[in-house]
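1. coordinates only, no sequence provided:
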DNA sequence: GTTGAAATTAGTACGAA
DNA sequence: TTCGTACTAATTTCAAC
């Protein structure tokens, strides 16, 4: 519950866009990203709107689900879970539902996403030591019939973690890298970019890039669970 | 800044454990994980301690860095960034510092971790559409000399995302899966688990599991940047 | 959408157990 | 250390503009 950004999560259907986000909304989200505990009064001041307005918008963002929850970011090392690992899972076809159900039973899993490419899903776990990761993979994951195979890599260092990314972050992007498209969002021109789900393994323009589509027979993955 | 759980981040040395976390601390973190905006009064009530004590502990957790920051969790789809991709990067040796520096310049990057295995780092980005991911990889990443090669997969669905995992989550684990070790943390027995950094590609007990160590010549990766 | 004033709640300080 | 209480400052709510 509470965390599905995708569409295949549960029974909750996706409703239409209930709230059009304007620049002020984004500004509010920007502040809330840095400090989720600011009072609405301070928020109003920072954003440059009145308190009542801030309260209204704050409530709207919350009620509309744009803000899903507030949380604390903690230092995992100090909390006793200093080992992070990524487990790439190959799931047996037509056992996705079971796979999801089993995942919900694993509180040590911090993140799980279904991906295109060689594997079907990526799981991120946080443990006290390396042996625990080993035990988790070989004892717990191995017992799930839906799991066909796994591949585990350890995270040596978490270089960067941003609370979340906003469309407004792009504004700070100008002038760097190659030339950018005039309209950063929803470009109407028929791009040559490869869509997810259509496998294509050949090299791309610059030679050192590679995009990996979904494994065969997994085109309708999103609707399966 | 502000996000390094690992050790290779910057110049800030790792100080000793400044705070021994007891059961009450964990309980506080548990509440804060679900609702980062609770008043300390409500927190005290939920945890079952006095208001004054809650203030003391809350401040201690904050001052000690166990709690790094508070933030809002948002629905990226509604915020206009519905496409998520993982970019696995192979980094040219001895160019890690430059790689890190470039990353800091990319606000669209939500997460970056250095990993063992076939690739050197994993980057998670969030964009408005697939074409933007393509542009980001081919135009921005390709221009970084430190980047030798990339492999991109798209995330079709984010099944699960927990704000963070706590050692106490393990308590809910009893009786499921295979038998667990008596002491969940810091097991003193010499386990046979493969450590990170020592490559080993052979199969493990159950046959369908695979652990992937660091690529050759990358043993001293943590000290490099 | 804004301002101001009342009611409530949060944060602090201190003595006692 | 932890608790309880009193005190001060801030926030939220609700009103009128």
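-> Received, thanks. All values derive from a computational prediction rather than experimental measurement. Numbers count the residues shown, from 1 in each chain, chains lettered A, B, ... in the order given.
2. now the helix or strand residue A:57 falls within: buried residues?
-> Per DSSP states H and E: residue A:57 is located in helix A:51-64. Along helix A:51-64, these residues count as buried under the neighbour rule (16 or more other CB atoms under 10 Å in any protein chain shown): A:54, A:57, A:58, A:60, A:61, A:64. The C-beta positions use only the backbone N, C-alpha and C, and glycine is treated the same way.
3. stretch A:33-46 now?
-> Quick answer for stretch A:33-46 (16+ other CB under 10 Å): A:33, A:35, A:36, A:37, A:38, A:40, A:43, A:44, A:46.
4. report whether it contacts DNA strand C.
-> No - for stretch A:33-46, no contact with DNA strand C is found by CB under 7 Å from any atom of the strand; the gap never falls below 7.6 Å.
5. quick check: end-to-end length of that stretch?
-> Between the opening and closing residues of stretch A:33-46 there is a gap of 13 Å (CA to CA, to the nearest Å).
6. next one: it to chain centre, how far?
-> In terms of CA atoms, centre = their mean, to the nearest Å, the centre of stretch A:33-46 is found 24 Å from the chain centre.
7. same thing with stretch A:109-119?
-> Going by CA atoms, centre = their mean, where stretch A:109-119 is centred and where its chain is centred differ by 10 Å.
8. same check on stretch A:141-155?
-> 20 Å.
9. average pLDDT across it?
-> For stretch A:141-155, mean pLDDT is 96.
10. list the buried residues for it?
-> Buried, per 16+ other CB under 10 Å, within stretch A:141-155: A:141, A:142, A:144, A:146, A:147, A:149, A:150, A:151, A:152, A:153, A:154, A:155.
11. all helices of chain A, in order?
-> For chain A, helices defined by DSSP state H occupy the ranges A:23-34, A:40-47, A:51-64, A:76-79, A:96-104, A:130-135.
12. before we move on, back to that, out of the buried residues of stretch A:141-155, who's near chain B?
-> Contacts with chain B are made by A:141, A:142, A:147, A:149, A:150, A:151, A:152, A:153, A:154, A:155 out of these, judged by CB under 8 Å from any CB of the partner chain.
13. can you give me the distance of residue A:140 to residue A:30?
-> As judged by CB to CB, to the nearest Å, residue A:140 and residue A:30 stand 39 Å apart.
14. between the two, which is the more surrounded one?
-> residue A:140 (21 against 14; other CB atoms under 10 Å in any protein chain shown).
15. near DNA strand C, which residues of chain A show up?
-> Checking chain A against DNA strand C by CB under 7 Å from any atom of the strand, the hits are A:49, A:50, A:51, A:52, A:53, A:56, A:57.
16. can you redo those residues as JSON lines with distance to residue B:117?
-> Output for those, formatted as JSON lines (distance: CB to CB, whole Å):
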{"residue": "A:49", "distance to residue B:117": "48"}
{"residue": "A:50", "distance to residue B:117": "52"}
{"residue": "A:51", "distance to residue B:117": "51"}
{"residue": "A:52", "distance to residue B:117": "53"}
{"residue": "A:53", "distance to residue B:117": "49"}
{"residue": "A:56", "distance to residue B:117": "49"}
{"residue": "A:57", "distance to residue B:117": "44"}
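17. which of the residues you listed sits closest to residue A:160?
-> Set against residue A:160, the nearest of the residues of chain A next to DNA strand C by CB to CB is residue A:57 (29.3 Å).
18. I'd say residue A:87 and residue A:125 touch.
-> Yes - with contact defined as CB atoms under 8 Å, residue A:87 counts as touching residue A:125 (6.6 Å).
19. circling back to that earlier point, other residues contacting the helix holding residue A:57?
-> A:18-19, A:24-25, A:28-29, A:40-41, A:43-44, A:47, A:49, A:67, B:78 (CB atoms under 8 Å, 6 or more residues apart in numbering or on different chains).
20. chain center to it: distance?
-> Per CA atoms, centre = their mean, the centroid offset for helix A:51-64 relative to its chain is 25 Å.
21. any residue of it touching DNA strand D?
-> Yes - for helix A:51-64, a contact with DNA strand D is found by CB under 7 Å from any atom of the strand, at A:51, A:52, A:55.
22. in TSV: those, plus pLDDT.
-> What follows is the residues of helix A:51-64 next to DNA strand D, written out as TSV (pLDDT from 0 to 100):
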residue	pLDDT
A:51	97
A:52	97
A:55	97
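23. show me where chain A has strands.
-> A:67-74, A:83-91, A:109-115, A:121-127, A:147-161, A:211-212 (DSSP state E).
24. now these in a markdown table, with distance to residue B:129?
-> Below are the strands of chain A laid out as a markdown table (distance: least, CB to CB, whole Å):
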| stretch | distance to residue B:129 |
| --- | --- |
| strand A:67-74 | 22 |
| strand A:83-91 | 25 |
| strand A:109-115 | 18 |
| strand A:121-127 | 22 |
| strand A:147-161 | 23 |
| strand A:211-212 | 14 |
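25. relative to DNA strand D, which of these is closest?
-> strand A:67-74 (12.0 Å; CB to the nearest atom of the strand).
26. list the buried residues for the closest one?
-> Of the residues in strand A:67-74, those buried (16+ other CB under 10 Å) are A:67, A:68, A:69, A:70, A:71, A:72, A:73, A:74.
27. and what of stretch A:97-104?
-> Residues of stretch A:97-104 classed as buried: A:98, A:99, A:100, A:102, A:103 (neighbour count, 16+ other CB under 10 Å).
28. so which of these also contact chain B?
-> Restricting these to those touching chain B (CB under 8 Å from any CB) yields A:100, A:103.
29. I'd like the buried residues of stretch A:97-104 as JSON lines, with pLDDT and distance to residue A:160 appended.
-> Output for these, formatted as JSON lines (pLDDT from 0 to 100; distance: CB to CB, whole Å):
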{"residue": "A:98", "pLDDT": "94", "distance to residue A:160": "34"}
{"residue": "A:99", "pLDDT": "96", "distance to residue A:160": "29"}
{"residue": "A:100", "pLDDT": "95", "distance to residue A:160": "29"}
{"residue": "A:102", "pLDDT": "94", "distance to residue A:160": "30"}
{"residue": "A:103", "pLDDT": "93", "distance to residue A:160": "26"}
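30. from the buried residues of stretch A:97-104, which single one is nearest residue B:108?
-> Of the buried residues of stretch A:97-104, the one sitting nearest to residue B:108 (CB to CB) turns out to be residue A:103, at 27.6 Å.
31. thinking again about what came up before, I'd like to know which of the contacts of helix A:51-64 is nearest to residue B:93.
-> For the contacts of helix A:51-64, the nearest to residue B:93 is residue A:29 (39.1 Å; CB to CB).
32. which ones are touching that closest one?
-> Applying CB under 8 Å, 6+ apart, we find residue A:29 in contact with A:61, A:66, A:67, A:166, B:72, B:74, B:79.
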